[in-house]
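S.K.: Model the structure of this input:
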Amino acid sequence: ILDWLEPDRICQPRSVIVVGAMVEASFASIRSAYDCIALALGHVASKRPGQAPSASLRDLLTWAKKHPDRVNPGAAAALTANWIEFATCRKLRDLIVHSGAGATIHCDSRQFNLWIHDHSKGWVLREPLLPILANQIQTLISQADAAAETINAIIDMPDDRIRSRIVSGVQIPALHKLFACSQNFAQASP
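M.R.: As a prediction, this is how the structure comes out:
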């Protein structure tokens, strides 16, 4: 998407088609990544192994809300955290994928805007695209890090693994570029 912001590319008629496809794929991927968090967090979510669902973050959060007495105290904070961006991602992805809402990319020759229209709800979203994507991805990374900290506090790392490997955040240049430039492309959508 960032490559299509180049002045000679953004004005090409196909830019909105290509970016639209990438946006739909992004929402599906982000939503799937949240379910990967559930897969890991589900293993430590309950006091007894196997009680908590782990195939879907929505199912895991619903389970934790319905059964607070079964929640592992060490995982309670992660399960009751603010998951509002997950709900937003899920809503937008479901509208596009399941409800057939139109996800239109509007281009004003400077930036891309995401317009989502549902036949029964009307306009759901008309906002600049890059801040939406940057926020969704930053929140996903933050939630994944918090889940990892929760899991690591509950499950001890084997002694032979301590200090043997270091994983230090996301080091993908395109993500850093997205985070750095997203506010430069945040003019109000028409």
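S.K.: what sits against Gln138?
M.R.: Counting by Cβ atoms under 8 Å, 6 or more residues apart in numbering, Gln138 touches Phe179. Bear in mind the C-beta positions are built from the backbone N, C-alpha and C, glycine included.
S.K.: Check Ser54 too.
M.R.: Here Ser54 is in contact with 38-43, 45, 60 (Cβ under 8 Å, 6+ apart).
S.K.: State the distance from His176 to Asp160.
M.R.: As defined by Cβ to Cβ, to the nearest Å, His176 lies at a distance of 33 Å from Asp160.
S.K.: cool, Pro128 as well?
M.R.: 49 Å.
S.K.: what do you get for Asp8?
M.R.: Using Cβ to Cβ, Asp8 is found at 54 Å from Asp160.
S.K.: And for Cys89?
M.R.: Taken as Cβ to Cβ, the span from Cys89 to Asp160 is 38 Å.
S.K.: Which of the two has more residues huddled nearby?
M.R.: Cys89 (24 against 7; other Cβ atoms under 10 Å).
S.K.: And the helices in this structure, which stretches?
M.R.: 7-10, 15-41, 57-66, 76-79, 84-97, 129-154, 173-181 (DSSP state H).
S.K.: Nearest to Gln51, out of the ones you listed?
M.R.: Between Gln51 and the helices of the chain, the shortest separation by Cβ to Cβ is 8.2 Å, and it involves helix 57-66.
S.K.: re earlier: out of the helices of the chain, nearest to Thr104?
M.R.: Of the helices of the chain, the one closest to Thr104 (Cβ to Cβ) turns out to be helix 15-41, at 7.1 Å.
S.K.: when you compare where that closest one runs with where helix 129-154 runs, what's the angle?
M.R.: 10 degrees (axes from the mean of the first three to the mean of the last three Cα atoms, to 10 degrees).
S.K.: Quick check: mean pLDDT of helix 15-41?
M.R.: In this model, helix 15-41 carries a mean pLDDT of 95.
S.K.: where does the protein dip in pLDDT?
M.R.: Within the chain, the ranges that satisfy pLDDT under 70 run 161-171.
S.K.: on that earlier part again, nearest to Asp108 among the helices of the chain would be which one?
M.R.: helix 7-10 (9.2 Å).
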